[in-house]
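K.L.:
Take this sequence and fold it.
(one chain, ligands or ions: 1)
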Amino acid sequence: MPSIFTKIINGEIPCYKVAEDDEFFAFLDINPNAAGHTLCVPKKEVNKILDLDEASYMGLMAFSRKVGKAIEATIPCERVGMTVIGLEVPHVHVHLIPLHSMKNATF
Ligand code: 5GP
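P.N.:
Numbers count the residues shown, from 1 in each chain. The predicted structure follows:
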């Protein structure tokens, strides 16, 4: 059965698309940790990041870096964090999350 992300890539489930090329797709997370929280996924469905072949792994990182830089230029934040979790959806994805420092917060 196709993963939920394959259905999103194929347009069977709606999403807010951020970017796309021949191999990769980026869209907003439905339950964001911060405004602009984006997921970058390979169009080819692979469950675990360590199961990607090296070219796809490098390609996903390069695509995520490009999308992350675009987010950083668009959404006010201190930096964009990149992380791979993958416990919920068994289709490799990189989380790009705009981060905001609390260092000047007053309580
Ligand atoms: P992980 O597998 O890395 O733990 O998390 C999967 C992420 O996918 C979560 O942040 C979750 O909010 C997001 N997600 C799950 N289902 C959907 C969906 O149908 N649409 C979108 N846009 N994001 C989803």
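
K.L.:
Up against the ligand, what does this structure have?
P.N.:
Residues of the chain that fall close to the ligand, judged by CB under 6 Å from any ligand atom: 4, 8, 13, 15, 27-31, 39, 85-89. C-beta: built from backbone N, CA, C; applies to glycine.

K.L.:
Just to be sure, K66 is in a helix?
P.N.:
Yes - judged by DSSP: H, G, I helix; E, B strand; the rest coil, K66 forms part of a helix.

K.L.:
Tell me where this protein has helices.
P.N.:
4-9, 54-74 (DSSP state H).

K.L.:
Put the alpha carbons of the longest one into CSV.
P.N.:
Below are the C-alpha coordinates for helix 54-74, written out as CSV (Å, rounded to 0.1, in the frame of the first residue of the first chain):
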residue,chain,number,x,y,z
GLU,A,54,24.1,7.1,-1.6
ALA,A,55,23.0,9.2,-4.7
SER,A,56,19.5,9.6,-3.3
TYR,A,57,20.7,10.4,0.1
MET,A,58,23.1,13.1,-1.2
GLY,A,59,20.3,14.3,-3.5
LEU,A,60,17.8,14.6,-0.6
MET,A,61,20.3,16.5,1.5
ALA,A,62,21.1,18.9,-1.4
PHE,A,63,17.4,19.4,-2.1
SER,A,64,16.6,20.0,1.6
ARG,A,65,19.5,22.5,1.9
LYS,A,66,18.1,24.5,-1.0
VAL,A,67,14.6,24.5,0.4
GLY,A,68,15.9,25.3,3.9
LYS,A,69,17.8,28.3,2.5
ALA,A,70,14.6,29.5,0.8
ILE,A,71,12.6,29.1,4.0
GLU,A,72,15.3,31.0,5.9
ALA,A,73,15.1,33.9,3.4
THR,A,74,11.3,33.9,3.7
